[in-house]
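Enquirer: From the sequence below, what's the structure:
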Amino acid sequence: MFDPSDDKYWAMGSQLNWWDSTLGYRPAWLTDPTQARQRLQRRLPLVLRALALIHEHRTVETSQLHALDPQLPANPRALLYMDMASMGLVDVGYPLSITGRASGTPGYTPFTAWRLPIHTTIEPVLDQLGCTPMQVAAIGPGPLRGARQYDRHNLMCATLSITARQHGWRTVGELYGRFSLLTGDPLAGHGGPDVTLIGEHMRVCVELTASANFSLASKFSRWDRMLAYEACADTHVVWVNAARTDSLLTQLEGLCRQRARHHAADWRVWRDRLETVDGFTPSPGVPRRADGGWARGQLARMVSAFGLDGLDGWRIPAMLDPGVLYD
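Expert: Residues are numbered from 1 along each chain as shown. Got it, this is the predicted structure:
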């Protein structure tokens with residue numbers, strides 16, 4: 001499996017080399033945009049699933065997308081991805097080569113990653129493809145487009161999401177794990193954990209940390225405030241050391257020892273066994289699946305405002321089914 005922590009990919013730094021569709025240069029490997037649009041319209045549910053995962057995890061490598069959703073292809077040269085790039089729905093990223101002889105063609109690089117464009121908006125393209133306003137809003141800019149973590153960080157988080165799913169957890173990336181959603185308090189803010197593991201009786205929020213800078217103590221303090229919410233009574237926080245040495249793990253362990261429901265973990269141990277330094281090994285149980293009738297409550301309030309009795313006899317459109325975007 002692709003290992004984003006392998007130093008051979010990051011000799012030139014923790015960011016990837018990105019082809020940006022706004023640069024005005026169209027590589028030869030891009031498909032014809034007219035034909036690409038027609039194909040994407042026919043495969044719109046799959047396109048939406050890919051965009052939702054990319055948006056959720058910010059930077060995702062192709063085999064990671066396939067592991068997160070087996071319906072998505074593992075080959076970066078798959079027509080689905082080529083068409084999405086041709087339409088400007090995604091940027092394409094490759095590791096920088098220390099030799100300077102870098103390839104810029106998907107499938108001919110050590111790996112190929114994807115992100116939503118950061119210098120343009122994709123809403124007009126989604127509208128052309130026939131997306132509903134709800135879908136456009138779900139995959140639109142959101143709060144994560146302006147403040148991105150390093151690509152290495154994002155790819156490591158995607159790997160943690162994959163391995164947690166293999167252990168039976170449901171997971172969400174940073175986009176859907178915001179403090180405001182975890183606590184039910186809109187004033188709690190848009191920050192949040194890098195990955196959230198959702199089990200039957202427990203949530204585990206993962207913070208991937210690579211440096212012990214001045215903000216580390218403030219991050220712990222903020223989590224102390226979040227865990228005090230009643231909605232977070234079943235929540236634990238795992239601080240995963242993403243640094244290349246163990247010195248940070250020692251510091252994380254010390255900060256966690258002073259607090260309840262905080263745990264420190266080594267990257268590889270947590271990735272492989274979901275085990276922390278203090279022996280915390282959470283179990284997912286049988287997580288609940290997404291509620292297919294999630295829209296009925298809001299729709300009932302809407303029809304009531306117009307003086308109607310209720311939703312009896314109403315057909316809820318299939319495009320409101322969360323399975324169209326998320327499994």
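Enquirer: can you give me the strands for the protein?
Expert: 17-19, 60-61, 91-94, 113-115, 170-173, 195-198, 203-209, 235-241, 262-266 (DSSP state E).
Enquirer: Make JSON lines from those and add mean pLDDT, distance to Arg152 and mean neighbour count to it.
Expert: (Each C-beta comes from the backbone N, C-alpha and C, glycine too.) Below are the strands of the chain laid out as JSON lines (pLDDT from 0 to 100; distance: least, C-beta to C-beta, whole Å; neighbours: other C-beta atoms under 10 Å):
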{"stretch": "strand 17-19", "mean pLDDT": "90", "distance to Arg152": "13", "mean neighbour count": "18"}
{"stretch": "strand 60-61", "mean pLDDT": "96", "distance to Arg152": "11", "mean neighbour count": "26"}
{"stretch": "strand 91-94", "mean pLDDT": "93", "distance to Arg152": "11", "mean neighbour count": "24"}
{"stretch": "strand 113-115", "mean pLDDT": "95", "distance to Arg152": "10", "mean neighbour count": "26"}
{"stretch": "strand 170-173", "mean pLDDT": "93", "distance to Arg152": "16", "mean neighbour count": "23"}
{"stretch": "strand 195-198", "mean pLDDT": "96", "distance to Arg152": "15", "mean neighbour count": "24"}
{"stretch": "strand 203-209", "mean pLDDT": "96", "distance to Arg152": "10", "mean neighbour count": "23"}
{"stretch": "strand 235-241", "mean pLDDT": "97", "distance to Arg152": "13", "mean neighbour count": "24"}
{"stretch": "strand 262-266", "mean pLDDT": "97", "distance to Arg152": "17", "mean neighbour count": "23"}
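Enquirer: the longest helix in this structure is where?
Expert: The helix spanning the most residues in the chain, taking DSSP state H as the definition, is helix 151-166.
Enquirer: That one vs strand 235-241, what angle?
Expert: Per axes from the mean of the first three to the mean of the last three C-alpha atoms, to 10 degrees, the angle that helix 151-166 makes with strand 235-241 is 130 degrees.
Enquirer: hmm, who's touching helix 151-166?
Expert: Helix 151-166 has contacts (C-beta atoms under 8 Å, 6 or more residues apart in numbering) with 1-5, 9-10, 14-16, 57-61, 64, 67-68, 93, 113, 148, 171, 173-174, 194-195, 197, 206, 208, 210, 240, 242, 267, 270-272, 274.
Enquirer: If any of those residues are buried, put those into a PyMOL selection.
Expert: To isolate the buried subset of the contacts of helix 151-166 in PyMOL, counting by 16 or more other C-beta atoms under 10 Å, use the following:
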select buried, resi 2+4+9+10+15+16+57+58+59+60+61+64+67+68+93+113+171+173+174+194+195+197+206+208+210+240+242+267+270+271+274
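Enquirer: In helices, which of the contacts of helix 151-166 fall?
Expert: Reading helices off the contacts of helix 151-166 with DSSP H, I get 57, 64, 67-68, 267, 270-272.
Enquirer: Now render those residues as TSV, adding pLDDT.
Expert: Output for the ones in helices among the contacts of helix 151-166, formatted as TSV (pLDDT from 0 to 100):
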residue	pLDDT
His57	92
Gln64	97
Ala67	96
Leu68	95
Trp267	94
Trp270	97
Arg271	96
Asp272	95
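Enquirer: want to try TSV for the residues you listed, with distance to Leu299 as columns?
Expert: Listed next are the ones in helices among the contacts of helix 151-166 as TSV, based on distance: C-beta to C-beta, whole Å:
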residue	distance to Leu299
His57	30
Gln64	35
Ala67	35
Leu68	30
Trp267	44
Trp270	41
Arg271	41
Asp272	44
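Enquirer: Could you list the domains of this protein?
Expert: 7-139, 168-273 (the TED database).
Enquirer: picking that back up, output the strands of the chain as TSV; include the columns distance to Thr183.
Expert: Shown next, in TSV, are the strands of the chain (distance: least, C-beta to C-beta, whole Å):
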stretch	distance to Thr183
strand 17-19	34
strand 60-61	27
strand 91-94	32
strand 113-115	28
strand 170-173	15
strand 195-198	13
strand 203-209	11
strand 235-241	9
strand 262-266	17
